[in-house]
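**Student:** here are the coordinates; sequence isn't available:
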């Protein structure tokens, strides 16, 4: 029973074969998935998928790259959606200093607004971080984000940063990069962070794990992430699957 905590089945890459992709995931033991929406079109599709499949859930928020496009109406819409029974988190939100579409100050403002919204509606948050670790940690502390906690999505930072995030009531989610031969940091995090504080994800269609790197990612491949963590920790795959699934259900408030 594997729980892929971050999928983009709402992406156009799955327009042709979505049902087959979902079927392959189930045949590999993926019991639940969270579809992440991060702008108007992807949120709408995430909600449609969550309503169509009992084992799919939705996370709704605004991506930092597009922070400059978010209006007060968008924020209110996200708040309205947060009461839907299949919406389990707010995000993905955060900071992205790799792309320069949205100025840093606007990204920070939109990030803070979404944390405050999540605290208001009492849902965990999903954090996107690219080249912005110190600012993200600072904002999470200033906004007292530990009150709702959440996920450091596709974590790529150091063990020290991971431990700091765990202390702030966040779970560390590992994806495809943990399987890359040259990915030193994710492997160290998998080794050092207790299994009770870890989640698994694909971030599909991106960040495809070895040996499919370079091809389109899909939720069935989350098993490769779990297998790598099991190998690093010297644990049975079943144990990694059981604990990470339990961690996800607890965080998202899912009773199955």
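**Tutor:** Noted; the coordinates are in hand. Source: prediction; values computed, not measured.

**Student:** who touches the spatially closest residue to residue 9 that is not a sequence neighbour in this structure?
**Tutor:** Leaving aside its sequence neighbours, residue 9 sits nearest to residue 35 (C-beta to C-beta, 6 or more residues apart in numbering; 5.2 Å). For every residue, glycine as well, the C-beta is placed using N, CA and C. Residue 35 is in contact with 7-10, 45-46, 49-50, 56-59, counting by C-beta atoms under 8 Å, 6 or more residues apart in numbering.

**Student:** give me that answer again for 7 Å
**Tutor:** 7, 9-10, 46, 49-50, 56, 58 (C-beta atoms under 7 Å, 6 or more residues apart in numbering).

**Student:** hang on, it in a strand?
**Tutor:** Yes. Residue 35: assigned to a strand according to DSSP: H, G, I helix; E, B strand; the rest coil.

**Student:** in what helix or strand does the closest residue in space to residue 197 that isn't next to it in sequence lie?
**Tutor:** Nearest non-adjacent residue to residue 197, counting by C-beta to C-beta, 6+ apart: residue 166, 5.0 Å away. Residue 166 is part of helix 159-167, with elements assigned from DSSP states H and E.

**Student:** moving C-terminal of that helix, what's the next helix or strand?
**Tutor:** Going down the chain from helix 159-167, the next helix or strand is strand 170-174, by DSSP H and E.

**Student:** Give the pairing partners of that next one; include direction for each.
**Tutor:** Strand 170-174 has the following strand partners under DSSP bridges: strand 150-152 (parallel), strand 198-200 (parallel).

**Student:** which one of these is the most hemmed in?
**Tutor:** With neighbours taken as mean count of other C-beta atoms under 10 Å, these reach their highest mean count in strand 150-152, at a mean of 28.

**Student:** Pretty sure residue 74 sits against residue 60.
**Tutor:** No. The pair residue 74 / residue 60 is not scored as a contact, 10.2 Å apart, by C-beta atoms under 7 Å.

**Student:** Looking at those two, which is more packed in?
**Tutor:** Remark: of residue 74 and residue 60, residue 60 carries more neighbours, 30 against 17, as counted by other C-beta atoms under 10 Å.

**Student:** OK, contacts around the more buried one?
**Tutor:** So residue 60 contacts 37, 43, 46, 78, 81, 87, 90 (C-beta under 7 Å, 6+ apart).

**Student:** Can you say which helix or strand has the third one in it?
**Tutor:** Using DSSP H and E, residue 46 falls within helix 40-52.

**Student:** tell me the angle the following helix or strand past that helix makes with helix 40-52.
**Tutor:** Scanning forward in sequence from helix 40-52 by DSSP H and E, the next helix or strand is strand 56-60. Orientation of strand 56-60 against helix 40-52 (axes from the mean of the first three to the mean of the last three C-alpha atoms, to 10 degrees) gives an angle of 150 degrees.

**Student:** Within its sheet, name the partner strands of strand 56-60 and how each one runs.
**Tutor:** If you go by DSSP bridges, strand 56-60 pairs up with strand 30-37 (parallel), strand 87-96 (parallel).

**Student:** how much distance is there from the helix or strand that it is followed by to the middle of the chain?
**Tutor:** Remark: after strand 56-60, the chain's next helix or strand is helix 72-81, criterion DSSP H and E. Taking C-alpha atoms, centre = their mean, to the nearest Å, one finds helix 72-81 lying 20 Å from the centre of the chain it belongs to.

**Student:** Output the contacting helices and strands for helix 72-81.
**Tutor:** Contact partners of helix 72-81 among helices and strands, from 3 or more C-beta pairs under 7 Å, 6 or more residues apart in numbering; DSSP states H and E: helix 104-121.

**Student:** The helix it packs on versus helix 72-81: what angle between them?
**Tutor:** Going by the same axes, to 10 degrees, helix 104-121 makes 30 degrees with helix 72-81.
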